[in-house]
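Visitor: output the structure for:
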Amino acid sequence: MTTQSAAIPAFKPAAGGAALTASLLVTLIAATTIAGAWFFQLVLEILPCPLCLEQRYAYYLAIPLGALTALAARNGAPRPLLLAGLAILALATLANAGLGAYHSGVEWGFWKGPTDCSGPVVNLGSAADLLSKLDTVKVVRCDEVQWRFLGLSLAGYNVLISLLMAALATWGLVRTAQR
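Guide: Sure thing, here's the model as predicted:
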């Protein structure tokens, strides 16, 4: 330990601990979830709607950021760096839970969804191209559930999974800040 890190307690390396555990768990859950989403899409041919695709963004962020945060925690990175990584993970996954809740509400008919995936089709192009477009385009609506298990759609499960990841990241954040 250098004299500078001894003089500034916030820059003492956190010994992995909660930051390592939380970031590894978030990374593992995110990777497993996105693999499941691709399995549903590619193997079971349950195509995602535009809102489903937007919900994947948080997972695409959480996987590399969680892995980098875990690597930083394992190598004794400064606490502020670990806190920043965990805070971003917590906020991104919490926002994703909100997006999933919005999507679930659209599916249940509590509110209207975006017009590009739950409203009427307004632009079909020219009449000459209409038949060819109808043969090749599969419109996946955001307000129609393609699959449910125990009463929840994939958007509903996304809410639960995202809340779990947000709770884990928040736990790691709080525990790392207390050290």
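Visitor: C-alpha only now, for contacts and for neighbours.
Guide: Fine.
Visitor: helix, strand, or coil at the residue positioned nearest the centre of the chain?
Guide: The centre of the chain sits closest to Ala58, judged by CA atoms, centre = their mean, with a distance of 3.1 Å. Three-state call for Ala58 (DSSP: H, G, I helix; E, B strand; the rest coil): helix.
Visitor: that one contacts Ala90, correct?
Guide: No. Ala58 is beyond contact range of Ala90, at 10.3 Å (criterion: CA atoms under 8 Å).
Visitor: and after the lowest-mean-pLDDT helix or strand in the chain, which helix or strand comes next?
Guide: One helix or strand of the chain scores below all others by mean pLDDT, DSSP states H and E: helix 3-7, with a mean of 51. As assigned by DSSP states H and E, the chain's next helix or strand after helix 3-7 is helix 17-42.
Visitor: which residues touch the residue nearest to the centre of the chain?
Guide: By CA atoms under 8 Å, 6 or more residues apart in numbering, Ala58 lies in contact with Ala92, Thr93, Asn96.
Visitor: per-residue confidence at it?
Guide: On the pLDDT scale, Ala58 is placed at 95.
Visitor: for it, give its distance to Phe149.
Guide: Using CA to CA, to the nearest Å, Ala58 is found at 23 Å from Phe149.
Visitor: under the pLDDT cut-off, which ranges of this structure? List them.
Guide: Scanning the chain for pLDDT under 70 picks out the ranges 1-16, 113, 116-139, 141-143, 145, 147-148.
Visitor: ranges for the strands of it?
Guide: For the chain, applying DSSP state E gives strands covering 148-149, 152-153.
Visitor: ok, the last one: who's next to it in the sheet?
Guide: Taking DSSP bridges as the criterion, strand 152-153 sits next to strand 148-149 (antiparallel) in its sheet.
Visitor: if we can go back for a sec, from the contacts of Ala58, which land in helices?
Guide: Among the contacts of Ala58, the members falling in helices (DSSP state H) are Ala92, Thr93, Asn96.
Visitor: ok, those residues vs Cys52, which is closest?
Guide: Nearest to Cys52, judged by CA to CA, of the ones in helices among the contacts of Ala58 is Asn96 at 10.7 Å.
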